[in-house]
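**Student:** Coordinates for the following, if possible.
(one chain, ligands or ions: 1)
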Amino acid sequence: MGPMGGTDGGRRVARTPSGAGVAPIPVYDAIAGNYDATRGGEPRGDEFARVLARHLLPGDDPVLEVGVGTGVVALGLLRRGRRVLGVDVSSAMLERARGRLGAVVIQGDARRLPIVDASVAQAVSVWVVHAVRPAEALFGEVARVLRPGGRYLVCPTNRSPAADPIDPILFEMFDRAERVHPAWRQNPVSAGDICGWGEAAGFVARLETFESRTWLTTAAEESHRIRGRVWPGLQGLDERAFEAVTAPALAALAGLPGGPIARRAEVDLVVLDRPRH
Ligand SMILES: C[S@@+](CC[C@H](N)C(=O)[O-])C[C@H]1O[C@@H](n2cnc3c(N)ncnc32)[C@H](O)[C@@H]1O
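**Tutor:** Residues are numbered from 1 along each chain as shown. As a prediction, the model looks like this:
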């Protein structure tokens, strides 16, 4: 079985407020240990890298990955002959990225990138925008560090097709989590939101959609992930709240058929071009 999905609670509904200047919740430090095993690992990173590489401009300059995480997407770009530079706020995620990519990753906040103006040819971010608030700060910073004529490729979290049996169970679980969680809030980000934030930062935006491959899971695997608190919205809940939030989801999963369940992820890619003048 090769899990490659994940919403991180960045669920797929309409416009979201971009939020106040909230410090990044250090949930990814807690999640780093099982991130690859529960988000598709290198095969999923390679799938994204394959599509990103098709939309990158030609050239030998390093590609900046903002929110590089454990480095699975960057690894796919490296394997396609691209040099990469990764930035992430989570030291535990970066430790894994460093093991995978070498000393090409630095710790930093996407809202204050530790990079000088107009020094980067191209940048990418996969499954990151929903985690950064306010999102405007991310797009403003990438616009600042990109050279004129540069490009920023952005993928929001996956959209699940209507017939997906797992998504509504997780969706309702995240709703319950949001109601009781002391800090975590869902932050749905659509491709349209990304186009809007990109254009406000001076980019010219274009939307591409690609369908990522199908993968198999089981109801038991999904239950295991919930018990392991692999989703950001389950981090930081006390035992009682965790039980209240997850029990209906675990019951619903127990009611699904026992065999493999095929899931399919629909993925958007927004191409943001920084004009030359
Ligand atoms: C869902 S993970 C995606 C990681 C990677 N892009 C991937 O596709 O596997 C989101 C990443 O964004 C990072 N992140 C969240 N807020 C950030 C911020 N303000 N600055 C830099 N990185 C941030 C997290 O630490 C985490 O590694």
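**Student:** can you give me the strands for the stretch 1-150 of the chain?
**Tutor:** All strands of the stretch 1-150 of the chain, identified by DSSP state E, counting those that start in this stretch, fall at 63-66, 84-88, 105-107, 120-126, 146-155.
**Student:** could you pull out the helices for this protein?
**Tutor:** 27-38, 41-55, 72-79, 91-101, 135-145, 167-180, 191-200, 219-227, 239-254 (DSSP state H).
**Student:** Switch those helices over to TSV; also include distance to the ligand and mean pLDDT.
**Tutor:** Bear in mind the C-beta positions are built from the backbone N, C-alpha and C, glycine included. Formatted as TSV, the helices of the chain follow (distance: least, CB to the nearest ligand atom, whole Å; pLDDT from 0 to 100):
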stretch	distance to the ligand	mean pLDDT
helix 27-38	4	93
helix 41-55	6	95
helix 72-79	5	98
helix 91-101	4	97
helix 135-145	7	98
helix 167-180	14	95
helix 191-200	14	98
helix 219-227	14	96
helix 239-254	20	97
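**Student:** Output the ones you listed as a markdown table; include the columns mean neighbour count.
**Tutor:** Formatted as a markdown table, the helices of the chain follow (neighbours: other CB atoms under 10 Å):
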| stretch | mean neighbour count |
| --- | --- |
| helix 27-38 | 18 |
| helix 41-55 | 19 |
| helix 72-79 | 23 |
| helix 91-101 | 19 |
| helix 135-145 | 21 |
| helix 167-180 | 18 |
| helix 191-200 | 19 |
| helix 219-227 | 18 |
| helix 239-254 | 16 |
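**Student:** returning to what we had before: out of the strands of the stretch 1-150 of the chain, indicate the one that is most buried.
**Tutor:** strand 63-66 (a mean of 27; mean count of other CB atoms under 10 Å).
**Student:** Show me what it is packed up against.
**Tutor:** helix 72-79, strand 84-88, strand 120-126, helix 135-145 (3 or more CB pairs under 8 Å, 6 or more residues apart in numbering; DSSP states H and E).
**Student:** So which of those is nearest residue 111?
**Tutor:** Of all the helices and strands packed on strand 63-66, it is helix 135-145 that lies closest to residue 111, at 3.8 Å by CB to CB.
**Student:** so how far is that closest one from its chain's centroid?
**Tutor:** Distance of helix 135-145 from its chain centroid, counting by CA atoms, centre = their mean, to the nearest Å, is 17 Å.
**Student:** Could you pull up the contacting residues of residue 168?
**Tutor:** Shown in contact with residue 168 (CB atoms under 8 Å, 6 or more residues apart in numbering): no residues.
**Student:** what's the spacing between it and residue 200?
**Tutor:** 33 Å (CB to CB, to the nearest Å).
**Student:** again, but for residue 90
**Tutor:** 27 Å.
**Student:** Which pLDDT value goes with whatever residue of the chain ends up closest to the ligand?
**Tutor:** Residue nearest to the ligand within the chain (CB to the nearest ligand atom): residue 69, separated by 2.5 Å. Residue 69 is assigned 98 on the pLDDT scale.
**Student:** That one: neighbouring residues, count only.
**Tutor:** Residue 69: 27 surrounding residues under other CB atoms under 10 Å.
**Student:** Now do the same contact list for the nearest residue to it once chain neighbours are set aside.
**Tutor:** In space, and not counting its chain neighbours, residue 69 is closest to residue 93: 4.9 Å by CB to CB, 6 or more residues apart in numbering. Contact analysis of residue 93 by CB under 8 Å, 6+ apart lists 28-29, 32, 35, 68-70.
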